[in-house]
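1. The following block contains a protein sequence and its predicted model.
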Amino acid sequence: MAMLDVKNISKSFGATRVLEDISFSLEQGETVAVIGASGSGKTTLLRCLTYLEKADKGTVAINGQTVFDAASQHKLTDSELRDRRLHFGMVFQSFNLFPQYTALENVMLAGQLLAKERPDYKSRKKEINQEVEAKAKELGINLQWVGPTTSDAGQQVTVIEGLIEKQVDGILISCNDADALKDVIDRAVDAGIVVGCFDSDSPESKRAFYCGTDNYAVGKLAAEEMMKILPDGGKVAILTGVLGAPNLEERIRGFKETVEGSNIEVMPVQTGNDDVQTSVDVVGQYTAANPDLAAWFFVGGWPYFADPDALPEVQKFMENGGHIISVDTCEPMMQAVP
């Protein structure tokens, strides 16, 4: 059974027929080159396979399962469309390459980005939680996962206050606001509870320990890469999650202090409030409003968690020579991580 089976794909733009009755199959491990003159339909064929264009006729099957049938009247939901696209990766003709990665890393990027959407990733995440719970049980710890519904320090305070009332033995927390959480962490410690911070610290509190990234170094590395990408300087926008979050603030501080004295102009920090759609909107609107913007530094990777089709301004920005450095997204995009 062919891994990819394409049958009778046709596509027209108005009166211009670009593809006519295209059929081929691809076995696992096989490489196929599609060769033709400019304008002969090579890119259109790939765009049809990846749902960036809808073919007028034909079918596409993956491992024997039909994932596209032009004759079908069913309108795919966003979730269904994303599931279909999980089967494909594409390097665009307009380049859109990340200059900090090798050619191989650019080609591998799509699969790594979309891995989180696959059922096996979700099951692996469940396995990790189970492993943590099993280790906790082995150590005689009754582990409970609790947290606020939004990235709000006030809600974190409320959660910790509830845990103090329950007289738990220990609390692990990633702090959204070091100052806002200091008092409640101190109260927990005074109540005999061991408190540890991870990812984002409250260093002035009485917490017992902190485990996490050197976030200043992350910002510094991002800045060093940005100066390599923009040797002549330019305007750089920063997108953060929650203003005041210690880990994010340290990344911003590391970035700003490192580019100080260079020709890079750091624009006012934008915030997405740890919300994917808000981040998409903020980045899109700010990019459109600042045509001379040279680059973005995503202190966290929120926009990249959205469907690529939800990022037209970002795509246009990169097609026009713009650059993006992002951390907290996924391994190939975390340029700032050594």
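-> Nice, I can see it.
2. distance of Asn273 from Val184?
-> 22 Å (C-beta to C-beta, to the nearest Å). Using the backbone N, CA and C atoms, a C-beta is placed for each residue, glycine as well.
3. Give me the secondary structure label for the nearest residue to Ile173 once chain neighbours are set aside.
-> Using C-beta to C-beta, 6 or more residues apart in numbering and skipping the chain neighbours, the partner closest in space to Ile173 is Cys197 (5.8 Å). Assigned with DSSP: H, G, I helix; E, B strand; the rest coil, Cys197 falls in the strand class.
4. just checking, Cys197 touches Cys175?
-> Yes: under the criterion of C-beta atoms under 8 Å, Cys197 makes contact with Cys175 at 5.9 Å.
5. still on that earlier bit, return the residues in contact with the residue nearest to Ile173.
-> Leu172, Ile173, Ser174, Cys175, Ser205, Arg207, Phe209, Tyr210, Cys211, Gly212 (C-beta atoms under 8 Å, 6 or more residues apart in numbering).
6. Which among the residues you listed count as buried?
-> Ile173, Ser174, Cys175, Ser205, Arg207, Tyr210 (16 or more other C-beta atoms under 10 Å).
7. Which ones among those map onto helices?
-> In helices, judged by DSSP state H, none of these are found.
8. Going by distance to Ala136, which of the residues you listed wins?
-> For the buried ones among the contacts of Cys197, the residue nearest Ala136 by C-beta to C-beta is Ile173; the value is 16.1 Å.
9. these two touch, right, the closest one and Ile160?
-> Yes: applying C-beta under 8 Å, one finds Ile173 in contact with Ile160, separated by 7.1 Å.
10. and the helix or strand that contains Asp183, what other elements does it pack with?
-> Per DSSP states H and E, Asp183 falls inside helix 178-190. Packing partners of helix 178-190 (3 or more C-beta pairs under 8 Å, 6 or more residues apart in numbering; DSSP states H and E): helix 153-165, strand 170-173, strand 194-198.
11. Would you mind putting the ones you listed into CSV with distance to Ser10 and mean pLDDT alongside?
-> Listed next are these as CSV, based on distance: least, C-beta to C-beta, whole Å; pLDDT from 0 to 100:
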stretch, distance to Ser10, mean pLDDT
helix 153-165, 54, 89
strand 170-173, 57, 93
strand 194-198, 54, 93
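12. Show me the one of these that comes nearest Asp56.
-> helix 153-165 (50.8 Å).
13. ok, back up a step: Asn273 and Val184 - which one has more neighbours?
-> Val184 (23 against 15; other C-beta atoms under 10 Å).
14. show me the contacts for the more buried one.
-> Val157, Ile160, Glu161, Ile164.
15. a markdown table for those, including distance to Gly58 and neighbour count?
-> Formatted as a markdown table, those follow (distance: C-beta to C-beta, whole Å; neighbours: other C-beta atoms under 10 Å):
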| residue | distance to Gly58 | neighbour count |
| --- | --- | --- |
| Val157 | 57 | 19 |
| Ile160 | 58 | 22 |
| Glu161 | 60 | 13 |
| Ile164 | 63 | 18 |
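16. Assign a three-state SS to Lys7, would you?
-> At Lys7, secondary structure determined by three-state DSSP is strand.
17. what about it, distance to Ser25?
-> Taken as C-beta to C-beta, the span from Lys7 to Ser25 is 9 Å.
18. how deep is Lys190 tucked in, by neighbour count?
-> Lys isn't right for residue 190; it's Asp. Count around Asp190 with other C-beta under 10 Å applied: 10.
19. Skip the chain neighbours and tell me the closest residue to it.
-> Nearest to Asp190 is Lys206, by C-beta to C-beta, 6+ apart, at 7.5 Å.
20. Please report phi then psi for that neighbour.
-> Backbone torsions of Lys206, given as degrees, to the nearest 10, read phi -90, psi 20.
21. What's the local residue count around it?
-> Applying other C-beta under 10 Å, we find 13 residues neighbouring Lys206.
22. repeat for Ala217
-> 15.
23. List the contacts of the helix or strand where Thr258 lies.
-> Assigned by DSSP H and E, Thr258 belongs to helix 246-259. Helix 246-259 is contacted by residues 174-175, 177-178, 199-203, 212-213, 215-224, 226-227, 236, 238, 240-242, 266, 269, 297, 299-300, 327, 336 when judged by C-beta under 8 Å, 6+ apart.
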